[in-house]
Structure formats: C-alpha cells, structure tokens
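Asker: here you go, sequence then predicted model.
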Number of protein chains: 6
Amino acid sequence: MKTRAVLKLGLPKGSLEQATLEKMAKAGFNISVNDRSYVPYVDDEELEIRLIRAQEVSRYVEHGYLDSGITGYDWIQENGSNVHEVGEFLFSKATRQPARWVLAVPQDSPVKSVTDLNGKRIATEVVNLTKRYLKHHGVRAEVEFSWGATEVKAHELVDAIVEITETGSSLRANKLRIVDTLLVSTPRLIANHAAWKDKWKRRKIQTLALLLRGALEAETKVGLKMNIAKKNLAKLLKSLPALRNPTISNLSLSGWVAVETVIDEHIVRELIPQLKSAGAEGIIEYPLNKVVY
Amino acid sequence: MKTRAVLKLGLPKGSLEQATLEKMAKAGFNISVNDRSYVPYVDDEELEIRLIRAQEVSRYVEHGYLDSGITGYDWIQENGSNVHEVGEFLFSKATRQPARWVLAVPQDSPVKSVTDLNGKRIATEVVNLTKRYLKHHGVRAEVEFSWGATEVKAHELVDAIVEITETGSSLRANKLRIVDTLLVSTPRLIANHAAWKDKWKRRKIQTLALLLRGALEAETKVGLKMNIAKKNLAKLLKSLPALRNPTISNLSLSGWVAVETVIDEHIVRELIPQLKSAGAEGIIEYPLNKVVY
Amino acid sequence: MKTRAVLKLGLPKGSLEQATLEKMAKAGFNISVNDRSYVPYVDDEELEIRLIRAQEVSRYVEHGYLDSGITGYDWIQENGSNVHEVGEFLFSKATRQPARWVLAVPQDSPVKSVTDLNGKRIATEVVNLTKRYLKHHGVRAEVEFSWGATEVKAHELVDAIVEITETGSSLRANKLRIVDTLLVSTPRLIANHAAWKDKWKRRKIQTLALLLRGALEAETKVGLKMNIAKKNLAKLLKSLPALRNPTISNLSLSGWVAVETVIDEHIVRELIPQLKSAGAEGIIEYPLNKVVY
Amino acid sequence: MKTRAVLKLGLPKGSLEQATLEKMAKAGFNISVNDRSYVPYVDDEELEIRLIRAQEVSRYVEHGYLDSGITGYDWIQENGSNVHEVGEFLFSKATRQPARWVLAVPQDSPVKSVTDLNGKRIATEVVNLTKRYLKHHGVRAEVEFSWGATEVKAHELVDAIVEITETGSSLRANKLRIVDTLLVSTPRLIANHAAWKDKWKRRKIQTLALLLRGALEAETKVGLKMNIAKKNLAKLLKSLPALRNPTISNLSLSGWVAVETVIDEHIVRELIPQLKSAGAEGIIEYPLNKVVY
Amino acid sequence: MKTRAVLKLGLPKGSLEQATLEKMAKAGFNISVNDRSYVPYVDDEELEIRLIRAQEVSRYVEHGYLDSGITGYDWIQENGSNVHEVGEFLFSKATRQPARWVLAVPQDSPVKSVTDLNGKRIATEVVNLTKRYLKHHGVRAEVEFSWGATEVKAHELVDAIVEITETGSSLRANKLRIVDTLLVSTPRLIANHAAWKDKWKRRKIQTLALLLRGALEAETKVGLKMNIAKKNLAKLLKSLPALRNPTISNLSLSGWVAVETVIDEHIVRELIPQLKSAGAEGIIEYPLNKVVY
Amino acid sequence: MKTRAVLKLGLPKGSLEQATLEKMAKAGFNISVNDRSYVPYVDDEELEIRLIRAQEVSRYVEHGYLDSGITGYDWIQENGSNVHEVGEFLFSKATRQPARWVLAVPQDSPVKSVTDLNGKRIATEVVNLTKRYLKHHGVRAEVEFSWGATEVKAHELVDAIVEITETGSSLRANKLRIVDTLLVSTPRLIANHAAWKDKWKRRKIQTLALLLRGALEAETKVGLKMNIAKKNLAKLLKSLPALRNPTISNLSLSGWVAVETVIDEHIVRELIPQLKSAGAEGIIEYPLNKVVY
C-alpha cells in the first residue's frame, strides 16, 4: 500500500491569520478552521495545515516539524533560523509600505542617534535583532523583552523602544520619534532544507509559491479595457508606457480596436484621465484573482 | 384595473439566511431585511419574499401559502411534502461536499451497523427520515426528537444519533464514528403544484432558477485569459482538455492569439503550472458573477 | 523650497463613513482610520482627509477650512451653504432609490396635506428646510429640532414629523403615512469657491470626481460576454437595444463572434433569458471596478 | 474501595442557561462551563452537571440518565414525563408573572374562542399540549410543529398559534390577540423515581432544593432596618402588617430600638413613605443572598 | 367607570439609558425595554414610561406631554424650559464629580479668557447656553451647532469649543486647555407645573423622588458593622465623627457592644485603619440598596 | 511649595485587568481607563496607576519605575525580581484553586516523570522557571519560549510543555496528562525596596493591602443571621464550630436572641440544613464588601 504524499505547511495564527487564509483561498486553497480541532480542513489532500504564531513558524520549519511555512523576514532573522527561503511576497494593499522595525524615542528625548543609547534601557519584542544592531554600532545598552504595549513604555519605563510600524501613524499618535530603521520585513515562504531536497515536496512548494504569488500580484493589479480608433493607437501606446504589452484585438467596427492590459491599481487614478485625453472610450476596470506572467 | 402578478417565494431563515440572501443578490435580486417588518424588501415588484425556517419551507409551499421556495432535499423528505422540484443546486464552495445525514455512534461503541440498533434509543432532528430508514432495515428502535446539541448526546443520553455533517470534522471532534449514511442532501428550488401550472408563475420561477443557477455556477468557476503563439495553440488545447470551447481571438501582434475560457476554480491550481509549461504568457484569472451555458 | 500642494477633503463621519471609505478605495484612494489620530492616512500625498459629520461638511467647505467634500444635497440646503457643486452621484445599489425628506403623520391622523398643519408642532432634524417648506405653503406651525428617534415622536409628542426615508419601510413599520415630499437628496461632491478657482486644486477635484464617478457607476453595472454565430448577430443587437455599443471581436472559429458589453446590473435578470433565446452561448457576467465612458 | 456518591443533575441549556447558573451560584454551587468539554465544572464533588435543553430535561430524568433536573412545568406536561416533582420555584424578578402558553390570533381575526378553530391550522412548539387542549374542547384542527418565529406565522401561514408569553408585550407588538390560556408554567425541580427512593440522593436533592429556594426567595426580598422610639413601636407594627416577625433589638440610646425584617422587594416602594410617617429613622434597605424560613 | 390614575414619566434614552434603568430598578421600579415597542414595560400600573433623549425631556415636560422626567440641569437651561424642579440627585459614583460645560481651546492657543474670543468661531452642542454666556461677558463671536466630535474641531475647524467634561481627561487627551466653566450640571427630577398641582400626581412624583434619592444615596454609602469593648466605645465615637448616629446594640458577651452605621463609601479607606487602631474587631462592610434618613 | 506625595502602583493589564479593577473598586479605589490615555483616572490623589502586563510588573517595581504593584508569584520568580513582598492574596472565587505551572505531556506519551525528558524539547512561557526546574532534577533538555497556544504544541511540535492551569480541565480537553507541578502561584502585592523604606509610601502600601485583603476576603465570605430560642443557643454553638465568635444580641421577644456571624461562603450549603435542624429560624445570608478581622 502506497502512502499519500503530504506537505506540512505552517501558516501564521493570530493577527495575520484571517488575511493569510484569504490569500490562500485566492491562491486556490480553501481552508476552514474548526474551533474544536487544531488541524484545519483544506480542500487539498496533499496539504496538511498548521496554524502557528508568526514568531515561531521558522523555528518549526527549521526543526523539520513543518516542511514549509509563511512568516515574516523579521522573525526568521530574530530566531536566526536556518531555512530555505523560497520567495518574498508583495506588501499589503492598504499602505503598500513594508513593515519596518524602528528605534523610537519620545519626541522630546535627547536621543538623536543609536550612539546616544549607551547605558540606556530598551524594550522590544525582538531582543536578538536589537542586540545585534547595538553590537554592530558598538553600543552597550540593556535590552528587555516587552510583552506588549511597547509604545507606551517609551515615555517612562524605558529610554527607547524597537517597534514595528508601517505608516508610522501609531508612533506619531504616541508622540514618538523614529531614530533609525533596524530591519525592513516582508512575508516569506520558507522551506525546511530536507523538504526542499525532496523532489515531490519541492514541486508542491513551488506550485504553492506560483499560485500565491499570482494571487498576491492580483491584489495590487487590475484589468483595464478600452476601445480606441486605430489611428490613435500608436500615440496612445507611445505616450503611456504603463500600458506595457497590451492585448489588442480587432473589433468588427472597422477602424477600431480593443486594448486590454493589466496594470498596477495605484496608477489607475493618474492613468484614466490621460487615457480619456488620448481618445480612449468605454474604459472599464475589473478585478483580478490571479496574475501570472 | 389589473392586479400586478406576484410570486410568493420562501427563503430559509436562520443559519442559511445570510448565504441565501447573498446568492439571491448575485442572481440579481437585492433583498433587505428590516428588523421591524416580517416582509423583506426586494427590488423586484413581481416577487414577495418570506423568510421561513428551512425545516418548514416545503410544508408551506405544499399548502400553497408560498408559490415557490428554496430548501434542502432533507427537509422535503422529512416532511414528506408533495411539491414540484424545479432544480438542484451546486454545493457550498468551501467544502464542495454535499451535506449528509449520517448514523453515528461513539468511537468505542459496539454498534457496527444499523442492525445492531435493535432495542436501542436514537436522537435526531429528522425523526421521520430515521424511522423510515430503520423500518427499511427491519430494525426496531426508539427514535426521539433532539432539540439540539445532538452530538453530545451520543456519549451517554442515547445509543446513537442521526446527524448532519459535511466534512465529518465536527463528528470527529466529538469522538463519534459514522456507521452509515441515510441521505445526501442538496439545496432545491421547489414549487407548489398549482403555481407550477400557472403560466406566468412558472416562467417567473424558471427565470429565477436560471439566474440563481448562473450565480451559483459562477461561485465555483473563474475566467482565465492568456496569450500564446499561434504555433503552440494546437498543442495547448490538445494537452489541456479542461480548456473546453475557449474563445480565441486574434491579436494585432502577428502570430499570437488570446485564449479565454471559463473553468472550475478548483482545477486552476493544477492548470496554471501546466499552462506556463505549454508556452502561455500573461495568464490572468478573474472572478465571475454569473455563468450561463 | 517648494511646498507640496495638498487638497483638504472632507468625508462624512458616522453612518456613511464605512460606505464612503469603500467607494474612495474603489476610486483608487485607500484610506485607513487610526483611532488615536483624527487625520486618517491616505495613500496619496496630494490629499488630506478629514472625517466630519455629513451635516457639517458643507459648512466647513464654505468657510474654506476644507477645499472640497462629499455630503448630501439635503445638508447643503439645510445649512444654506454657498459652495460650488462639482457633481451628483448615483444612488445606493441596495434600493436604487434616492433618500427623500418627507412629511409624515400617524396613519390615522386627520392631517391630509401640509395646509392642515396650521398651529401644529413638527419635529425634525432639518429645521431650516422644514420652516422654508411651511413658509412656501403659507403654513404657520412650530418646528422643533429632534435629537433622534423622530419617528416615534409622531404618535404622541408632536403632530407631524419631517424625516428621511428610502423605501418607506421604516415609516410603515412605525405606522406613519407620508403626506408630502420636501426634498429628494443625493450625495454631492462640493468645492469651496476659492479652491475651485485654483487651477491645481480644480484639476485634483475633477480627477477625484472622474474616478469616483467611475467607481460608483461600476457598482450598478456589470460586464457581459457571450459567443454567437455571426448570422444571428444582427437580430440579437436589433432586438436588444440594451446591448448598446458592444465590443465585437472575431473568434478563430469561423462564423462566430464574441460580443462584450457593459450593462446595468438590474436589467441582467431580464436580459439573460432573452439572450439565450436569441442564440447566445457561454454567457458570462463579471464584476467591474470602474466604468468611464 | 468505596465509590464516591454522585448526583447527576440536568440544567437547562440555552436561553435559560445563564440565569440558571447564576441562581445555582447564589445557592452556593459555582459552575463553570468549558467550551471544549460537555461536562461543566462544579465545586461540589457530589454533583455532576449536564446542560440539556429545557425541552428534554424531563425525558432524561424519567429514563434515569439524570437523577434530577430543573425544567419548566410546560415541558414536563408536553413530554408527559413520569417524574417526581420536588418543588416549584418563584417567578422571575423582572416581571413577577409566570410564563403562560396562550392561544393567539391576529387582532382582526374572526376567531373569538377555541371552538371557532374547527378545521383550522395551528402552529406551536407544544404540539401535544395543544392537541390535548383541542380534544378537551371537542375541536378538530390541524396542529403543526413550529420551528420558531411562531408569532409571525399567525398572520398568514396558519390560523392561530399557541405561544409562550410573560407580559404579552411581544404578542401585542406582533398585533396578536390572546384568545385563551392553555397552561401556566413555572420552573420545577424534578427527580427520577428511583433516585428519589435512594436515601443519599434524596437528601442531596432536598438540600439542593432548600438552598435554591433560599436563593430564589432572596431575589424577591430585601433586608430592611430602621431605628424608632420605643413608644412608637407598637403603632408602627400594628399599622404595618408587612413587617411580620421583625427582629427588635435594644439600642444603647435609651428609649430607642432597632427594627429589622425581611420583606418583599416590590412593597418597599409603598412601605418606605409609610415608615417615615410612622416615625422611623435611618431606614436602610440591603440586598440578600438567601432567605430560609 | 373610574379611570386608573397614571403618571407619564420621561427617562433619558441613549448613553444614560442603561444607568437610569438600573437606578430606577434600585428605587423599586423594574422597567424592561422591548425593541419592538416604544412603550417600555414597568411593574407599576400607575406609571407610564417614555424613553426620550436627555436633550428633549424638559421640552416635553414643559408642554405637558410628560408629567415628569429625569434630565440634566444643562438641558433644562439650554432649552430654557419652564418646569418645576423637584430635586437634584447625587453625582455618578465613578468620579464623584459633576459634569461641567467648559470653554476649551488648544493648549497652545493664544486665547486666555473668554474676552479673547471676539470675532472668533465656537462650536458646541449647547448653542443657547454659549450665546448667553458670551453676551454676559460682552463678547461677540459666532456660535455654531456641533453634531458631534466637538473636541477634534478645536484644533482647526473653529477657535474654541464649549464641551462637557467630568474629569477633564478626554480634553487632556485631545490636548485642549480649559479656559472657563459655563455651567455645572447634575441630574434633576422635574415636573410639569400642572402635574405638580394635581394632588395625586404630586404625591406619586414625591414618592418616586424619595425612593430614587434613597437608591442613589445608597450607591455612595455602605453599611459598616464592628464589635468593640464598651470601655473603648466613647473614645471610638469621639475620635471618629464620621460614625454619626451609630446603632449600638448590646452583645450577650458582657462588656462588648456591636456598633453599626452607614457611611460614605469613599471614606471607608481612611476609616478602617483608624477603627482597627481604636480597638474595633470583626469589621465588616456590606452593600446597601437604599438609604432614607 | 510642598509637593503632593504620590505612590506609583502597577496593575496587571490584559486578561486580569477587569478583575483587578473590580477588586480595587471593592477596596475603595475607583479606577477608570480612558482609551486615549495611558494614565488611568483613580479617585485618590495619592495614587498614580499604571496598567502593565502581569509578566512585567515585578521588573518595573524592581527598577523603581513603580513603587508597588500587583502580580503573580510565578512572574516574580520567572523574572528573578528582587522586590519586597507585602502580601499574598486569596484565590479566585470560581474555583478556589490556585494557579499551578505544570509539566504536561500527551496522554499516551511514554514520559512518566521529569527524568524521562533528557534530550527532549519543551515549550513554555516560563523559560527560566523551567530551566531551573530541569537543572534541579539534573535533566538536560531544550527549552523554547512559546508565544501562545502551548497546549496544542505538546502533540507534535515538542515533547512536553510547562503550562498554567487551575482546574486542569483545559489540559484534559487537549488530552494532556500532568506529570509534575513546578510552581503554585498566587497574586502578590509587591513593593520596591526603597519605596518600602519610605515611611509615607510604606503606610500607603499597607493601607492598600489592608483594604484589598478586606475586599478579597469578603468575596469568599457571607454574612449569616438567624433567630433562635436562648435555650437552644448553647447547643447550636457547640455543634457548629463554624459559627465562631458570633455576635449575639438580645431580641425584644423574651427568650430569643439574634445570632450573626461571617462565614466562608462555600460551607453555607452544608451549614443551612444543620442550622434548621438545630432550631434556627429566619435564616438570612447577605453579601459583604469587606471583612477585616
């Protein structure tokens, strides 16, 4: 009797859980979490899902308890995990800015650079990253693990914090000033080294990466379609390099073509007025599930 | 003065309510429920909606209080309702498995088949279905109506239960073992016999069925579009029967065509890697609202 | 050093907030509200967002604290604000009926028309609109500001109310009868007169209007695509004027064309049965993000 | 080795669950429900709790799966359960009115009494009670089980309903008229006949009843304490029979006594003004946990 | 036939609703609000309750639609209502500070006193109060009605605000500075003048006031009980004037007495250490429902 | 100018926050948390509250950022904090069992004692406690910090866990077996050494401890009051040692006394039946706010 091949995949539990499950669904893998079971259901017999804190995924991939996993670059570095990095993914649609771990102090603090921290106390969730950073700058300071609400501590419990931020608005709301950036972090698909050497597992992981990338890519892209008179086409394409490699199909109405392409969603707002000026008509934008080049 | 013709339609209230209203909206009928009124608003003057428990829809369709309704095959059978069945719909996207009413016992129960139930006690919400099933197998057992939490009862209050399940994961979490399947149930659109004979009502119901089916069909399908060199096209289509009846349009770039088709969403994850190997470029997947063949 | 040009835009806070942020996102402007800050983040450096009660937006646009804003026609009128109206937008998808401020009384009230209100007391949130309306009809009545739950007051605290409604179902549930309509209101994009004269601001507002209109338009429209034999095409287009200006592209299968168009979502339910009768095959409907004619 | 004696007690799950657990806590039995376990924790090793639908408690007590249980008189009657009734408890504090199952019809229905229901259709959750009631009045009507939202059905799906009510306000809000009362129901503590014969179990059940009654009694009672001059005491006690059996203690201040008693909470609002008139001073009212006469 | 006498009582709907219903329940009047009815149930046939915005209660009491009502002194003044004020109640337990309407500006505003506001713009919910205040100080400024989020407006939309505060912490969090206090407001029981002249209604209102005061009084008081040797009693009472008018009862243990009294809850924390020093033993503190002197 | 003396007190934020604030309120200190400010309001000018994770309180007390704090014995030990322990408090009422950190493994694990863990991997939130425990038993194993959901990890990610439990029911639900107990933990009031030497701060902390203990004591105690004939009193007191040091007061009814005492709430359920047998009448139990011996 032949055993069914299975890939054990770790996904981040907690604040990123919902977003990750949605992206997996867009990639084509529907996962449903049952409160009474720690093994979620997935509609692919070749996958076994585990929901694990983002902070711990790389550790269990390294040990081989998981074949593969999705986690942030920050936690791979914090844990110093020896794993194979399969791919980096795009940033969240909302801000289009990657997460950054930054050194921050109160707005009126005398601290201007990392070198002012000698002999000070720093609170953070990424103790190892912070110690390496201080060492690199030749600074001796006490680093203590923060169990949460780190931003509030900067005002009286410690001298500085190392905290994660995207837009910086939470730091500003807490009247903190960014002194330096330690690490820019993006989500990564990682694999255990042995799993990556296994041919079947490697192909499964690569397929997963391809589909996931296609789904993430699609989140920041849209389809754009318009009609234009043939005589205006060359000018349109020349003046708008964003419309790279469009699909141009002949219309039955002689002298007109349909132009269709996929573009970054965030340039649409600049592009549409220009398209109208260039003679495009019937412009429609439609959502995409996946984009694979 | 001519009276406006109206079709009275029963939709399932409760756990299926939200999903049904969403599917009706996809079919093109926007319904809004007002807490202070038992008649929901629908943007179609030819429809009157009633929200009724799934268990009771078939009863009120049979009696003629409703012209038509959506309910499960299970409750039509449990009620023994004499109604016209207009159509069966596809299963939920999440699991792609129909609901099943199963006979279940504790994992360590001595009961191995229905015939071991002679003289035992069984709890279930579908008393009639269960009695018919036992009679069919020549088993004499006591069947009692369960008001809820049936799965918990199997361990000490009764000897077996007949319960609904999709993936079986809730039964497993309760440490129950499936002994047999009594009924596989899918959602049905049903009509009162007299309403079905009325020409206007029949056409209204058929239109509703067409649109609803189109919307449900679209939930498990996606649109797929790609460019390919003409020379590779024949091979692509031959090796990938899933791409049935594609729309192939000429591109202005000589020697290239655009291939577009609609496929089952759950085969996309296998198909995309193959399409890339076959030379397809610029593959995009997009969502659909309706698919009508 | 050149200052970055910025447009200050007021969006309605409260019950319309979520809907407005979603529409802005569809228009291409992603806004995220931070509970600790009154300045929401927007991924456009040329915009500064303020969330302000719909009732007050026109006042602050008039005063110049805001360059532009989105609010209802009703509150522009109630405040008597002197602002430039850039555009009117389409109604909500759910009901496709604009909001109306109506004069309502209990179902069994002797009041049959506005002229029966002499010497009576009326509760409303729009005191100025109501007073102007009464004056126009030569009616002398007391108008008092209602802080909420206005519908309940009509039964014993006052003689009539002026209240907002879309479908009238909330009024019916409160057993009130509509006597007259004072004002039909739709959302408007407005601008401060000075801002409108500023060339940069005006173009920014116009771009915003174009994209917002494109996004709102898309909410009530869908894309429709089908294949048909060339010989049936003329008949199809003739009998179905709704298919205006379709994109018709040749298929590789000789004798067939693909017909694609954008139509109002609410006529799809009538159209699809007709398309099938006319010989269309493989009909698909897909969602749109933006439609710009 | 001697087995520890245990009493298996069924408590109502669902809408009454929280209230019952609170009353048990007041009686001195702290129960905590763990979502992952169907056996709640109770801080008494001699008790084992099961949470079971109120509708089913009497059935499982009758069969002996439970030794004892708390449920309503209505469901004991509906199930026709042969159990020992240990005691009846006081009504809910909020309304001080017992629950009643009533026959109700639309306000404008021609039905004036039960005898008008011949040949009609009635929806109810208590099918057996309703059938017995109709038989008793010599009425032949169809009775169908209602899965919920029974009040709404009276207006078009059936001719009458039998529904539970306390104040009647929900019936009034649904524009229904009460035709007759079938049954007045109060909570009961019941016991399995065999368990009641077992000496240890009987004593355990009696203790439970004593404490539960003490706790329920205390919910509708308060402690009242006041000082009064001795010379006014006789008059006070004579004129206020509600102050039965007060505890009168001598104060050190000569000529004054402290009067303390327990009275029904709902007469306090009439009593306090009278006490002041009668010369009482320093009146205080305090809450009680248990009252055992 | 004699009509039952009824007092129509208005209670504040909205943010104060839950607190008011709880206090009414403590006073002995159990009110339950049914979502489908605007007339709440109360277990006193002589009362009819209406839930009305605090801002409007005094207006409807003045007009006679209500006989009596509970509202804040601020809204009586803002509305300029001519009503009989029956009584003032104690402040909320949490902060023991009355609500104040204050004039506030940004911390770094040049405005130092009300006289700096000439020609400025002020946002507030209490337009009339603010105008009277400005007039009183001979200041001419524009006052505009604020529909909410007034605190945020002070930073850019207007020059100053008049806003309500208890502890000032919300103003501090918004970086605002208090310039002056316009009005200190406490809850009041008010009566329509005609109702107050009606003997039955007046007595009903007075009873309500007595019980409500007793209940509110009890919220800030506790019962305190302790044993002490007779020889230490005089010293105890002398040194602790807070223990006014204690009830002293003889214990059976010769030479000892029990001392019992009612004191302000917020001095307990200072008193208990002192009582212990003075020789008190077995000190217990218990909660009170009502305190009527 | 003299500065006001202030004690900085750290309270546990998060899961214990609500319970702690309630206990502080019972002790007489009303704290209200404002979402926009990290300094909660407290109605005592001599206190300044900080909400800090229970895991971190002892660290900041040790460093002197806080004068005093409430936290668990477990986290004082885990952090190895050098602080003054002022007092230990009673356990939660619900279970009356202290929290325990236990070593647990899957039910079918071969691990029978800590010595079986050589070379294994253990996940826990208390890494230091676990390492010290292993060292004490001479076991070499890998200990890794668990960010949460530790119980689930025991089944496949690690070999054993060290986790906190009260009743053990969550461990049982996860099918884990307790191997050993590392630490029994109760809440502690701790003080910074310097603060404890400051006379004013020490007295403030002691008062806080006295009141908090009084409030916590009161949670597990009740007042009990009854009348009894003098002739039965001696027997009653003799047979019921639980009634220690009762207050016995003479009643005006000759031959009868009132007996009043404070007892553990959890023995009431055994005591009341015995009191009735011994001739007690009018037994009432009432709640307590504080009990100070």
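Answerer: Thanks, I have the structure now.
Asker: for residue A:40, what are its contacts?
Answerer: Shown in contact with residue A:40 (CB atoms under 8 Å, 6 or more residues apart in numbering or on different chains): A:31-34, A:49, A:51. (Each C-beta comes from the backbone N, C-alpha and C, glycine too.)
Asker: please apply the same query to residue A:16.
Answerer: By CB under 8 Å, 6+ apart, the neighbours of residue A:16 are residue A:54.
Asker: quick one: residues contacting the closest residue to residue A:211 other than its chain neighbours.
Answerer: Nearest residue to residue A:211 in three dimensions, chain neighbours excluded: residue A:27, at 4.1 Å (CB to CB, 6 or more residues apart in numbering or on different chains). Neighbour list for residue A:27: A:208, A:211-212, A:214-215, A:290, B:269 [criterion: CB under 8 Å, 6+ apart].
Asker: residue A:27 and chain C: what is the separation?
Answerer: Residue A:27 sits 20 Å away from chain C, going by CB to the nearest CB, to the nearest Å.
Asker: and residue A:172, by the same measure?
Answerer: 7 Å.
Asker: any residue of the helix or strand where that residue lies up close to chain F?
Answerer: Under the criterion of DSSP states H and E, residue A:172 resides in helix A:169-173. No. Judged by CB under 8 Å from any CB of the partner chain, helix A:169-173 stays clear of chain F, getting no closer than 9.1 Å.
Asker: past that helix, which element shows up next along the chain?
Answerer: Next along from helix A:169-173, by DSSP H and E: strand A:176-185.
Asker: next structured bit after that following strand?
Answerer: Toward the C-terminus, strand A:176-185 is succeeded by strand A:187-191 as the next helix or strand (DSSP H and E).
Asker: CA atoms only for that following strand - export them in PDB, please.
Answerer: C-alpha atoms of strand A:187-191 as PDB (Å, rounded to 0.1, in the frame of the first residue of the first chain):
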ATOM      1  CA  PRO A 187       6.300  38.000   4.200                       C
ATOM      2  CA  ARG A 188       8.400  35.000   3.000                       C
ATOM      3  CA  LEU A 189       7.600  31.400   2.000                       C
ATOM      4  CA  ILE A 190      10.200  29.300   3.600                       C
ATOM      5  CA  ALA A 191      11.100  25.600   3.400                       C
END
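Asker: sheet partners, orientation included, of it?
Answerer: strand A:68-72 (antiparallel), strand A:84-88 (antiparallel) (DSSP bridges).
Asker: so for residue F:221, which of the ones you listed sits nearest?
Answerer: Residue F:221 lies closest to strand A:68-72 among the strands paired with strand A:187-191, at 50.7 Å (CB to CB).
Asker: what about that closest one, distance to the chain center?
Answerer: Distance of strand A:68-72 from its chain centroid, counting by CA atoms, centre = their mean, to the nearest Å, is 11 Å.
Asker: next, residue A:129: phi, psi?
Answerer: Backbone dihedrals for residue A:129, given as degrees, to the nearest 10, come out at phi -60, psi -40.
Asker: measure it to chain C for me?
Answerer: Taken as CB to the nearest CB, the span from residue A:129 to chain C is 25 Å.
Asker: so for the closest residue to that residue other than its chain neighbours, what's the pLDDT?
Answerer: Here the nearest residue to residue A:129 in space, its sequence neighbours aside, is residue A:78; by CB to CB, 6+ apart that works out to 5.1 Å. pLDDT, residue A:78: 97.
Asker: burial count for residue A:78?
Answerer: Look at residue A:78: counted by other CB atoms under 10 Å in any protein chain shown, it has 22 neighbours.
Asker: thinking it is in contact with residue A:128, fair?
Answerer: Yes. Between residue A:78 and residue A:128 there is a contact under CB atoms under 8 Å: 5.2 Å.
Asker: farthest-separated two in the contacts of residue A:27?
Answerer: A:208 and A:290 (13.0 Å).
Asker: for the stretch 1-150 of chain A, what spans make up the helices?
Answerer: Using DSSP state H, counting those that start in this stretch, the helices of the stretch 1-150 of chain A run over A:17-27, A:54-63, A:73-79, A:127-136, A:150-153.
Asker: residues in contact with the residue of chain A most remote from its centre?
Answerer: Ranked by distance from the centre of chain A (CA atoms, centre = their mean), the top residue is residue A:254, with 45.5 Å. Listed by CB under 8 Å, 6+ apart, residue A:254 has no contact partners.
Asker: residue A:116 too?
Answerer: Shown in contact with residue A:116 (CB under 8 Å, 6+ apart): residue A:110.
Asker: got it, and residue A:168?
Answerer: Contacts of residue A:168 (CB under 8 Å, 6+ apart): residue A:178.
Asker: same question, residue A:218
Answerer: Residue A:218 is in contact with A:26, A:287-291, B:284-285, counting by CB under 8 Å, 6+ apart.
Asker: what's the closest of the residues you listed to chain D?
Answerer: Nearest to chain D among the contacts of residue A:218, counting by CB to the nearest CB, is residue A:26 at 30.8 Å.
Asker: how far away is the residue nearest to residue A:129 from chain E?
Answerer: 34 Å.
Asker: helices or strands up against the helix or strand of chain A with the lowest mean pLDDT?
Answerer: When the helices and strands of chain A are scored by mean pLDDT, DSSP states H and E, strand A:247-250 comes last with a mean of 79. Here strand A:247-250 touches strand A:256-264, strand B:247-250, strand C:247-250, going by 3 or more CB pairs under 8 Å, 6 or more residues apart in numbering or on different chains; DSSP states H and E.
Asker: repeat that with 10 Å
Answerer: The contact analysis (3 or more CB pairs under 10 Å, 6 or more residues apart in numbering or on different chains; DSSP states H and E) places strand A:247-250 against helix A:230-239, strand A:256-264, strand B:221-229, strand B:247-250, strand B:256-264, strand C:247-250.
Asker: buried deepest among those, which one?
Answerer: Ranked by average neighbour count under the criterion mean count of other CB atoms under 10 Å in any protein chain shown, these are headed by strand B:221-229 at a mean of 22.
Asker: could I get the average pLDDT for that one?
Answerer: Mean pLDDT, strand B:221-229: 91.
Asker: isn't residue A:285 up against residue C:214?
Answerer: Yes. The criterion here is CB atoms under 10 Å, and residue A:285 meets it with residue C:214 at 7.3 Å.
Asker: next, the buried residues of the lengthiest helix in chain A.
Answerer: Longest helix in chain A, counting residues (DSSP state H): helix A:199-219. Residues of helix A:199-219 classed as buried: A:201-202, A:204-219 (neighbour count, 16 or more other CB atoms under 10 Å in any protein chain shown).
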